[in-house]
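*Asks:* 3D, please:
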Amino acid sequence: MNISLTRTFSTSLLGLLAVCLLVACQPEEAAPLMPFPLLMEVPEGFPDIPYPEDNAFTEARWQLGKQLFFDPIMSVDASISCASCHKPELAFSDDKAFSPGVAQRPGTRNSPSLANVAYHPYYTREGGVPTLEMQVLVPIQEHNEFDFNILLIAERLRADSTYYQMALDAYEREPDPYVITRALACFERSLISGNSAYDQYERGEKNLSPSVLRGKELFFSDRTQCSSCHAGFNFTNYAFANNGLYTNYEDLGRFRLTGEEQDRATYKVPSLRNIDLTAPYMHDGSLATLEAVIDHYNSGGKDHPNKSPLVQPLLLNEQEKEDLVAFLQSLSDSFFTENPIFKNN
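*Replies:* Numbers count the residues shown, from 1 in each chain. The predicted structure is shown next:
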């Protein structure tokens, strides 16, 4: 090979290497992000996620919603965020009876898990909010939570160039209440939990211990009637009930919304998915452990005019109580705790 050919070949090779290095060093923004096909996948046995016509799922909307969810910019003094009370490692619940709001003001109800919140037909424990898009307005304006105004939040976001561009990318409009409510709802609809040990067992992928299987049989039995209220793929019928926790309640429950006596001290039946991660329990976080919850139902609860007739003494022995707890523990899903896409980054 003569010198000129050698130089030509060397130049071509160097050029090819330069192109390869240039391509390799390019940011990966053009490639689709891995989580999104997974996030849009519905677990076996689950219905389709009900997206509103004006809030279809997109990456840009999810990213904006996630950013807002973890950002204390949502509270009046920029001290707390949605994630302060709904922690990913706790299935988007909290480990306190009442989560503190701005200025450390105590909350008034235990923070529920947001797992599978996409499927709820209404929101808050009295069911007074009809859509997930509207739900965020409650903590925003609550004095003991964010104590703020969504119009003022929108002003803050418009002053932030990153948020301004994200809003344009997601909804083709500047940050405003429409964008804020819909982006947060889009993110929260992705919090799907359907891969617990119980789910894997139902799909024939995993064996459960004898204790869990005994607890499962008890749970679905006519003797306990647990599944009368905690039914279906999400282990709730979304009805409103009183479970005899107290004789007299400080919290009026659904009565606060309807003013009807039959709704006094009744609350939306919670999902039992991830319940092992979401202690303490009940609307006021008054029961610290699953064992205490089982003891409560085993006792038949306290007398109250609106107590559900399904809540009766169960007469469970110690082994049966342990088996029920073991079954409830099998309903926990590691998807949120192990998946880095749900961390604040």
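*Asks:* just the strands in the chain please.
*Replies:* 240-241, 267-268 (DSSP state E).
*Asks:* residues near F57, how many?
*Replies:* 15 (other Cβ atoms under 10 Å). From N, CA and C alone the C-beta is placed, and that goes for glycine too.
*Asks:* and this protein, what are its domains?
*Replies:* For the chain, automatic domain parsing gives the domain ranges 47-192, 197-335.
*Asks:* Format those domains as TSV; extra columns: distance to E41 and mean pLDDT.
*Replies:* Shown next, in TSV, are these (distance: least, Cβ to Cβ, whole Å; pLDDT from 0 to 100):
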stretch	distance to E41	mean pLDDT
domain 47-192	8	96
domain 197-335	11	97
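*Asks:* Same list (those) but as CSV, adding distance to L39.
*Replies:* Shown next, in CSV, are the domains of the chain (distance: least, Cβ to Cβ, whole Å):
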stretch, distance to L39
domain 47-192, 4
domain 197-335, 10
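*Asks:* And those domains: which comes nearest N344?
*Replies:* With Cβ to Cβ as the measure, domain 47-192 is the member of those nearest N344 (4.1 Å).
*Asks:* Over to the closest one now: how far is its first residue from its last?
*Replies:* Length of domain 47-192, first residue to last, Cα to Cα, to the nearest Å: 11 Å.
*Asks:* same thing with stretch 52-67?
*Replies:* 21 Å.
*Asks:* can you pull the contacts of R156?
*Replies:* The contact partners of R156, taken as Cβ atoms under 8 Å, 6 or more residues apart in numbering, are I73.
*Asks:* oh sorry, the question was meant for P280
*Replies:* P280 neighbours (Cβ under 8 Å, 6+ apart): 95-97, 110, 286-288.
*Asks:* separation between it and Q104?
*Replies:* 19 Å (Cβ to Cβ, to the nearest Å).
*Asks:* Then E59?
*Replies:* 36 Å.
*Asks:* again with A115
*Replies:* 27 Å.
*Asks:* residues touching the nearest residue in space to R264 that is not next to it in sequence, list them.
*Replies:* The shortest distance from R264 to any non-neighbouring residue, by Cβ to Cβ, 6 or more residues apart in numbering, is to F255 (4.1 Å). Residues in contact with F255, defined by Cβ under 8 Å, 6+ apart, are 126, 261, 263-266.
*Asks:* K66 too?
*Replies:* F187.
*Asks:* just to revisit the earlier point, what subset of the contacts of P280 is buried?
*Replies:* 97, 110, 287 (16 or more other Cβ atoms under 10 Å).
*Asks:* could the residues you listed be laid out in CSV, adding distance to F220?
*Replies:* Below are the buried ones among the contacts of P280 laid out as CSV (distance: Cβ to Cβ, whole Å):
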residue, distance to F220
A97, 30
N110, 26
L287, 23
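*Asks:* what's the closest of these to Y122?
*Replies:* N110 (18.0 Å).
*Asks:* roughly how far apart are the residue most central in space within the chain and L132?
*Replies:* Residue closest to the mean C-alpha point of the chain, counted by Cα atoms, centre = their mean, is L114 at 1.8 Å. Per Cβ to Cβ, L114 is found 10 Å from L132.
*Asks:* P130 is in contact with T124, isn't it?
*Replies:* No. At 10.3 Å, P130 and T124 do not qualify as touching, with contact defined as Cβ atoms under 8 Å.
*Asks:* neighbour count winner among the two?
*Replies:* When P130 and T124 are compared for neighbours, T124 comes out ahead with 18 against 11, by other Cβ under 10 Å.
*Asks:* mind listing what the residue lying closest to that one once chain neighbours are set aside touches?
*Replies:* Nearest non-adjacent residue to T124, counting by Cβ to Cβ, 6+ apart: V138, 6.2 Å away. V138 makes contacts with 123-124, 129, 145, as judged by Cβ under 8 Å, 6+ apart.
*Asks:* likewise S334?
*Replies:* N195.
*Asks:* that older thread, find the residues that touch each one of L114 and L132.
*Replies:* With Cβ under 8 Å, 6+ apart, L114 and L132 have common neighbours E188.
*Asks:* Can you check the distance spanned by stretch 40-49, start to finish?
*Replies:* 8 Å.
*Asks:* picking up where we left off before, between the strands of the chain, which shows the greatest average number of neighbours?
*Replies:* Ranked by mean neighbour count under mean count of other Cβ atoms under 10 Å, the strands of the chain are led by strand 267-268, which reaches a mean of 24.
*Asks:* where along the stretch 201-345 of the chain do the helices fall?
*Replies:* 210-219, 226-229, 255-258, 290-299, 318-329, 335-338 (DSSP state H, counting those that start in this stretch).
*Asks:* now do the stretch 1-150 of the chain
*Replies:* Under DSSP H, counting those that start in this stretch, the stretch 1-150 of the chain gives helices at 3-25, 35-39, 59-69, 82-85, 132-135, 137-141, 150-158.
*Asks:* Measure how far stretch 186-195 is from the centre of its chain, please.
*Replies:* 7 Å (Cα atoms, centre = their mean, to the nearest Å).
*Asks:* How about residues contacting that stretch?
*Replies:* Outside stretch 186-195, the residues that reach it (Cβ under 8 Å, 6+ apart) are 39-40, 42-46, 49, 51, 55, 57-58, 61-62, 64-66, 68-69, 91-92, 114-118, 132, 233, 273-274, 333-336, 342.
*Asks:* Select only the buried ones of these in PyMOL?
*Replies:* Of the contacts of stretch 186-195, the buried ones go into a single PyMOL selection, burial set by 16+ other Cβ under 10 Å:
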select buried, resi 39+43+46+49+55+61+62+64+65+66+68+69+91+92+114+115+116+117+118+132+233+273+274+333+335+336+342
